[in-house]
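Enquirer: Coordinates for the following, if possible.
(one chain, ligands or ions: 1)
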Amino acid sequence: MSTYKYATLFLARNISVNQTRTFFSNLKCLDVTINRENGVAYVLMKHPPVNTLNMQLISELSLTLSNLEKSKCQGMILSSIFDKVFCSGLDLNELLKPKPERVKGYFSTFQELVIQLYGSSFPTVAAMTGHSPAGGCVLGMCCEYRVMKKNSQIGIPGSRMGIALPRYIVNLMSSTIGLRNAELMLTKGKILNTDEALKVGLIDEIANDRTDAIRKAEDFLKEYEMIAPLARGITKRIIRRSIIEDVKMNGAADLENFVSVIMLPEVQEKLDMYMYNLKNRKRD
Ligand SMILES: CCCC/C=C/CC(=O)SCCNC(=O)CCNC(=O)[C@H](O)C(C)(C)COP(=O)(O)OP(=O)(O)OC[C@H]1O[C@@H](n2cnc3c(N)ncnc32)[C@H](O)[C@@H]1OP(=O)(O)O
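Expert: Numbering: from 1, shown residues only. Next up, the predicted model:
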C-alpha cells in the first residue's frame, strides 16, 4: 500500500503513521502493521482485483497469524484495501478441472487457516469493506465480530454452485446464526444484503464506508482493554472448542468427501457455468 493510502487510513482515525510499525514487509498479498500504542494488528488484504483466496493469500494469512500469535498482539483487524470487496472467496480456478492432489492440498491449507483464525488467542474483528461471498464470508465468521460496509453482500452460494459444503463450514455458520437460519441459508445458497445479514446475526454492525468500518472494529477491540487477556482467551477457547475438535476428528475424511464431490463431472459442469456467468455478467 502506498504511504499516501496508509496516511489516509490512519489519519482518518487520528493515528499517526509513526505510531504504527510494519510487522512483516515481504508479503505480496497483505499489508500487516501493528499500532505501537495499543498492540492492535491491522491485516489488510491487497490481492487485486478482488482479494481472491489463491494459495499465496491463504498461505500469507496463515503465516501472519502464526507470527501474531508469537508477538504481543492485543487484537487483530482483518480488512481489505479495496472499497468494494472484502474478499471474493476461494479461487474458482483452483476448483475447475483440478488435479486431485493439488485441489486436496488447496482445501487442506484453507481448512488449516480457518481453524487457525477461528482458534486464535487474541480478539479478532473483520472490517468487511465490501462484498464477502463464500470464502470471504468464512473468514468473517472465524472472527469474533463483523462490521460490514452498507450495500454489500455476504453468504455462501455453495449449493447454487453444486458444492456440498464441508462439515466445519456448516458448523461455523450454525454457530454464528443458529441451526435453523443456517439450514435455510446454506441449502438455498442464499446471499444476503447488509440489512438482512444484520437481522440474521451474520454481521454485528453496518458501516458507512471503509474508515467507519475500521473505526467500529477498533471500538470493539477497545472494549477488551480492561479485560484480563488470559481469562478472555481461555473463555474463547472453551466456546470454540467443539468446532475445532470436530475438525481434528473428522477434518481429513470431510476433506476427502468434499474433494470427491468437487471432481464429479456434473459438479464440474455447474462450476464451469458459474464461472462463465461470473465472467459474462453485467458489472454494476
Ligand atoms: C471449503 C469451502 C469453503 C466455503 C466455500 C467456498 C466456495 C468459494 O469460495 S468459491 C468462490 C465463490 N465466490 C464467488 O462466487 C464470488 C464471485 N465474485 C463476485 O461475485 C464478484 O467478483 C465480486 C462481487 C466479488 C466483485 O465484483 P466486481 O464487479 O468488483 O469484480 P469482477 O469484475 O466480478 O471480478 C474481477 C475479476 O476477478 C474474477 N473473480 C472474481 N471472483 C473470483 C473468484 N472467486 N475466483 C476466481 N476469479 C474471480 C472475475 O471473474 C473477474 O475476472 P476478469 O476480469 O478476468 O473477468
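
Enquirer: Averaged pLDDT, stretch 149-162. What do you get?
Expert: Stretch 149-162 shows a mean pLDDT of 96.

Enquirer: Now it - C-alpha only, PDB.
Expert: Output in PDB follows, covering the C-alpha atoms of stretch 149-162 (Å, rounded to 0.1, in the frame of the first residue of the first chain):
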ATOM      1  CA  LYS A 149     -20.000  -1.700   4.800                       C
ATOM      2  CA  LYS A 150     -23.500  -0.900   3.700                       C
ATOM      3  CA  ASN A 151     -24.800  -2.100   0.300                       C
ATOM      4  CA  SER A 152     -22.600  -5.100   0.400                       C
ATOM      5  CA  GLN A 153     -23.400  -8.800   0.000                       C
ATOM      6  CA  ILE A 154     -22.500 -11.800   2.100                       C
ATOM      7  CA  GLY A 155     -23.300 -15.500   2.100                       C
ATOM      8  CA  ILE A 156     -22.100 -18.900   0.800                       C
ATOM      9  CA  PRO A 157     -23.600 -19.900  -2.600                       C
ATOM     10  CA  GLY A 158     -22.200 -23.500  -2.400                       C
ATOM     11  CA  SER A 159     -25.500 -25.200  -3.100                       C
ATOM     12  CA  ARG A 160     -26.100 -23.000  -6.100                       C
ATOM     13  CA  MET A 161     -22.600 -23.900  -7.400                       C
ATOM     14  CA  GLY A 162     -23.300 -27.600  -6.900                       C
END
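
Enquirer: What is the burial count for Lys190?
Expert: Residues near Lys190, counting by other C-beta atoms under 10 Å, number 17. Heads up, the C-betas are built off the backbone N, CA and C, glycines and all.

Enquirer: And the residue lying closest to it once chain neighbours are set aside, how close does it get to the ligand?
Expert: Excluding the flanking residues, the one nearest Lys190 by C-beta to C-beta, 6 or more residues apart in numbering is Gly155, at 5.3 Å. Computed with C-beta to the nearest ligand atom, to the nearest Å, the distance linking Gly155 and the ligand is 10 Å.
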